[in-house]
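Enquirer: Any chance you could fold what I've pasted below:
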Amino acid sequence: MVLRRNKRDRTGKDPEVASDETTNDGVDDVSADLGSATVIAADRRPLDETEAGADDVLPRLDLGGVRVPVLPGTEVRVEMNEAQQPIAATIMHDASSLQILAFAAPRHSGIWAEVRAEIAESVRTGGGHVDEVDAGFGPELKARVRSEAEAGKVTEQALRFVGFDGPRWFVRGVFSGPAATDPKKATVLETVLTSVVVVRGTDPMAPRDPLPMRLPREVTANMEAAVEDAGPPKLELPERGPEITETR
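Expert: Predicted coordinates:
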């Protein structure tokens, strides 16, 4: 599912942006105590909903566990699993993309170091190459992942993995395309990433459980209206047509 926003005044308000009476005072302070985890300044990581406060300058798409800013010239693609449930958001900008996933995490310890080691091991096991570097978001991974698109044809893709340990949540971002290797090409997507609002909620969750996501209310309303307008289903004989192959 693709949700596109082209040029729009950045002061425009989105009806899906939630606000409360708190302010974003202290946003530049470091995040909550996360034990041995690397602590990143709040202006260099996604925002917790308690930090976002009344920040409504950027239009954001409310996907439940995350509110994703939609900047001019970007597209937001909501990735669905086989049960047609949203599981991730991918932001497209020019020829680059950024996949965002959010998970529950322990209260007093981060999981990025552990997840980072697992990703690196997986890349190397698959025959790829990975380096750990310390950049603007702290420790991250620069990888070249090998995959076999078809029998006997192996390709490599450059990926950049970043992670953020927040208050009881963890966010992983994966850059691909030119933004994975060229910092200038990553500027817009990095702005999106550090402007994401994470809605952890208060329900108990096991570490690494994905934060629940949902489609925006206006999207589901449009889908329901389309079903009603279509009327009762009609029985038609199957006709062979174009075949679509889904790649995950």
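Enquirer: Strands of this structure, residue ranges please.
Expert: Under the criterion DSSP state E, strands of the chain are mapped to 2-5, 47-48, 60-62, 66-69, 74-80, 86-93, 96-104, 129-135, 138-150, 153-166, 169-176, 197-198.
Enquirer: Now tabulate these in JSON lines and tack on distance to residue 118 and mean pLDDT.
Expert: Where you see a C-beta, it was placed from the backbone N, CA and C, and this is true even at glycine. Below are those laid out as JSON lines (distance: least, CB to CB, whole Å; pLDDT from 0 to 100):
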{"stretch": "strand 2-5", "distance to residue 118": "30", "mean pLDDT": "48"}
{"stretch": "strand 47-48", "distance to residue 118": "24", "mean pLDDT": "94"}
{"stretch": "strand 60-62", "distance to residue 118": "29", "mean pLDDT": "93"}
{"stretch": "strand 66-69", "distance to residue 118": "22", "mean pLDDT": "95"}
{"stretch": "strand 74-80", "distance to residue 118": "21", "mean pLDDT": "94"}
{"stretch": "strand 86-93", "distance to residue 118": "18", "mean pLDDT": "95"}
{"stretch": "strand 96-104", "distance to residue 118": "13", "mean pLDDT": "98"}
{"stretch": "strand 129-135", "distance to residue 118": "11", "mean pLDDT": "95"}
{"stretch": "strand 138-150", "distance to residue 118": "11", "mean pLDDT": "91"}
{"stretch": "strand 153-166", "distance to residue 118": "11", "mean pLDDT": "94"}
{"stretch": "strand 169-176", "distance to residue 118": "11", "mean pLDDT": "98"}
{"stretch": "strand 197-198", "distance to residue 118": "21", "mean pLDDT": "96"}
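Enquirer: Please convert those strands to TSV, extending it with mean neighbour count and distance to residue 190.
Expert: Listed next are the strands of the chain as TSV, based on neighbours: other CB atoms under 10 Å; distance: least, CB to CB, whole Å:
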stretch	mean neighbour count	distance to residue 190
strand 2-5	14	18
strand 47-48	20	14
strand 60-62	22	16
strand 66-69	25	12
strand 74-80	18	12
strand 86-93	20	10
strand 96-104	21	8
strand 129-135	12	10
strand 138-150	16	12
strand 153-166	19	9
strand 169-176	22	8
strand 197-198	25	16
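Enquirer: Same list (the ones you listed) but as CSV, adding distance to residue 122.
Expert: CSV is the format used below for the strands of the chain (distance: least, CB to CB, whole Å):
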stretch, distance to residue 122
strand 2-5, 29
strand 47-48, 29
strand 60-62, 30
strand 66-69, 24
strand 74-80, 19
strand 86-93, 17
strand 96-104, 15
strand 129-135, 9
strand 138-150, 9
strand 153-166, 11
strand 169-176, 13
strand 197-198, 25
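Enquirer: Out of those strands, which gets nearest to residue 120?
Expert: When those are compared by CB to CB, strand 129-135 sits nearest residue 120, at 4.8 Å.
Enquirer: rewinding a little: between the strands of the chain, which one is closest to residue 205.
Expert: strand 96-104 (3.7 Å).
Enquirer: report the angle between the axes of that closest one and strand 169-176?
Expert: For strand 96-104 against strand 169-176, the angle by axes from the mean of the first three to the mean of the last three CA atoms, to 10 degrees is 160 degrees.
Enquirer: so what does strand 96-104 touch, helix or strand wise?
Expert: The helices and strands touching strand 96-104, judged by 3 or more CB pairs under 8 Å, 6 or more residues apart in numbering; DSSP states H and E, are strand 66-69, strand 86-93, strand 169-176, helix 187-195.
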